[in-house]
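> Could you work out the structure for the sequence below:
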Amino acid sequence: MPNTRLPSILTASKPPVAVPSRLRGALARGALAGATALGVTCASAIMAFLPSSNAFAQTGQPGIAQPAQPTTPAAPAAAPSKAAKPGAASKAGANADADADSEDVPPNADVPKEKLPNVALTSEIVFEVTAAELSLQQGNLAPAFNTYVSLANRTKDPRMARRAVEIALGARQLGDALVAARLWHQLDPTWRPATQLLASLEVGTGHLAEAEPLLTDELNKVPEARRGQAILELQQMIARSPERATGIESLKRLLANDLQRPEAQLALARSQLDAGDTAGARTSLETALKLKPDYEAAALLYGQMGPEERASAIAGLKTFLDRNPDAKEARFAYAKLLLADNQLDTAQKQFETLEKRYPHELSTLMALALLNLHAKHPGAAERYLQKYATEAEQQNTDGAQAYVYLAQIAQDRKDYPAADKWLSKIREDSNAYLPAQIGRAQLLADQGKVEEGRALLHGIKSSDPREQLALKRAESDLLVKAKRYDDAEKLLAVEVKDHPDDSDLLYQYGMVAELNKHYEVMEKAMRRVMTTQPDNAQAYNALGYSLTERNTRLPEALKLLQKASSLAPDDPYIMDSLAWVKYRLGDKTQALELLRRAYGIQAQAEIGAHLGEVLWESGQQDEARKTWREALKVDSDDDTLRSTMKRYNVTP
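Numbering: from 1, shown residues only. Got it, this is the predicted structure:
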């Protein structure tokens, strides 16, 4: 089985995929997933590095309070399950207070104050409060919570109820927090922090009907200048409710008087998309754009729905930019839409405009670098990447993204010291550190220094079992590169014994066993993967291709590969495998059709070898020679390609 069908090292969260055993293949996955223009479309690779439009960002100004998020089921007040630090207010409660304190209100405005009862501080109250706090220090939350609820009911002091809320939220008991928050609001209905927190908890626990009057009151208190943003915050809040099915109707009732605002239509569209109502979302977004033709947030979301909507959104943003050429966010949104529409040249021009006006913007520099890599302009890409790296250092930001690509460019020109230099710059606290070290080891293996590469891997100390396993899998790849298949298989066999349910590890083990001609081991491994992951297309592909290559059990191989194709119909490697078994079964016409499609998607040397052979056997020898020679330019060292050309006496 050729090396090109081995998966990348760090694919713990993804099914194995066929990738080249090159530096870019190892580094473009795992911590840097989606970062490369290879193996995915250029547009989607670049989009992975671009932040969301600022039109979607929250301002941080006071508006609609966001709900506390349930992390454990609410428990009875008598038995909170998780200790809170004594005296520590919950995050949700603290946020509510911060909102109230930061409100943009003139100092002498008539703002309601916290309502405190005229109750004497008796020795009994002091004793109960002291006892409750001592209970908290000892981790006994239930007595403390119950004491404060009792004190709140008896004294009518909202501060007692607030303390009960803090205790319940600190213990992540939203049911108890809701009981105490209702009491707090009952005791002081004009105090906004109490109202905001109660509304948040009502929504967060699925009581939308109870939350609606509170949210209406809150929305009505928002200044006109902030109302549009508050509407969007309100939608985000309701979207987090466990009762999402009724969320849209609740939102419509809350926004009944605001439907002529574009923000209200955008809020409805977001909720409709969440609920799978694409037609409703389209109507809402079209209404938003009629109300405000240059509303970039609506245009961007509209453009993400489909090709027709995208074309309309692109046209709208272009018109807006013609009138407002300095609109940074609109131009950024426009460039992203062009990327999504695969208009790469036009998108590049927009990013170039952004780079001239905002030369320190990292996402723009990375977009330009990736676009130039895709266009096979490594010199221009390198300049943008070096600028990105410099800017990242000055902004005290992790520059690993740029270092990886600079290493890739250096590796492509076989400048191994330069590639190693770039990877060595990646800091230990970066998520890319481990993949970078694995990449450095692979660079050594590319130079025939396999033992040095293994020593580098052995020198990386980690207490994380996932990282330890990744290092072992990387070492196996180095041994495979040196064609030490027996050593690689033995190494992985130990890991499989320790991690019998790791499907990615099993897949790699099976592929190495295939290279070592241990076909029974390979088949057993792949069938275990199929059992644990019945939708893993690559496992069906690997076994089907193995049987095809050995020209055995071809009808079974065909079924396996048809299953793989049904799971991943656009995968060029699976197309290649399916074509190959059809060729072996005598169906040259369909094999040729599949191979042309596969080679068009991924001009990979092994696929080129197969395409050339089927062309030759179909009487198209000249095209076969041309295909093989083109494939040599992709990878002149591919064993399948060279052996195929040798069999047909075609010189490179």
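
> What's the local residue count around Ala279?
8 (other CB atoms under 10 Å). Using the backbone N, CA and C atoms, a C-beta is placed for each residue, glycine as well.

> Next one: it from Met305, what distance?
In this view, Ala279 and Met305 are 10 Å apart by CB to CB, to the nearest Å.

> cool, Met526 as well?
For Met526, the distance to Met305 - CB to CB - is 39 Å.

> who's more crowded, the two?
Met526 (27 against 17).

> Next up, the contacts around the more buried one.
Leu506, Tyr507, Gly510, Ala539, Tyr540, Ala542, Leu543 (CB atoms under 8 Å, 6 or more residues apart in numbering).

> now, which of those residues sits nearest Lys290?
Nearest to Lys290 among these, counting by CB to CB, is Tyr540 at 49.5 Å.

> Can you tell me the element the closest one falls in?
Using DSSP states H and E, the element containing Tyr540 is helix 537-549.

> how about that helix as PDB, C-alpha atoms only?
Extracted in PDB, the C-alpha atoms of helix 537-549 (Å, rounded to 0.1, in the frame of the first residue of the first chain):
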ATOM      1  CA  ALA A 537     -15.300   5.800   4.600                       C
ATOM      2  CA  GLN A 538     -11.500   5.500   4.800                       C
ATOM      3  CA  ALA A 539     -11.600   2.100   6.500                       C
ATOM      4  CA  TYR A 540     -13.800   0.600   3.700                       C
ATOM      5  CA  ASN A 541     -11.500   2.300   1.200                       C
ATOM      6  CA  ALA A 542      -8.300   0.900   2.700                       C
ATOM      7  CA  LEU A 543      -9.500  -2.700   2.800                       C
ATOM      8  CA  GLY A 544     -11.200  -2.500  -0.600                       C
ATOM      9  CA  TYR A 545      -8.100  -1.100  -2.200                       C
ATOM     10  CA  SER A 546      -5.800  -3.700  -0.500                       C
ATOM     11  CA  LEU A 547      -7.900  -6.500  -1.900                       C
ATOM     12  CA  THR A 548      -7.900  -4.900  -5.300                       C
ATOM     13  CA  GLU A 549      -4.100  -4.400  -5.300                       C
END
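
> can you tell me the average pLDDT over that helix?
The pLDDT scores in helix 537-549 average 97.

> Can you name every helix or strand that it contacts?
Counting contacts by 3 or more CB pairs under 8 Å, 6 or more residues apart in numbering; DSSP states H and E, helix 537-549 is packed against helix 503-515, helix 519-532, helix 554-567, helix 572-584.

> could you give me the average pLDDT of the next helix or strand after the last one?
In other words, helix 572-584. Downstream of helix 572-584, the next assigned helix or strand under DSSP H and E is helix 588-601. Averaged across helix 588-601, pLDDT comes to 96.

> Output helix 588-601 as PDB, restricted to C-alpha atoms.
What follows is helix 588-601, C-alpha atoms only, in PDB (Å, rounded to 0.1, in the frame of the first residue of the first chain):
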ATOM      1  CA  LYS A 588     -12.400   0.200 -18.400                       C
ATOM      2  CA  THR A 589     -15.000   2.800 -19.500                       C
ATOM      3  CA  GLN A 590     -16.300   3.500 -16.000                       C
ATOM      4  CA  ALA A 591     -12.800   3.200 -14.500                       C
ATOM      5  CA  LEU A 592     -11.500   5.800 -17.000                       C
ATOM      6  CA  GLU A 593     -14.400   8.200 -16.100                       C
ATOM      7  CA  LEU A 594     -13.800   7.900 -12.400                       C
ATOM      8  CA  LEU A 595     -10.000   8.300 -12.700                       C
ATOM      9  CA  ARG A 596     -10.400  11.500 -14.800                       C
ATOM     10  CA  ARG A 597     -12.700  12.900 -12.200                       C
ATOM     11  CA  ALA A 598     -10.300  11.900  -9.400                       C
ATOM     12  CA  TYR A 599      -7.200  13.300 -11.100                       C
ATOM     13  CA  GLY A 600      -9.100  16.500 -11.900                       C
ATOM     14  CA  ILE A 601      -9.800  17.000  -8.200                       C
END
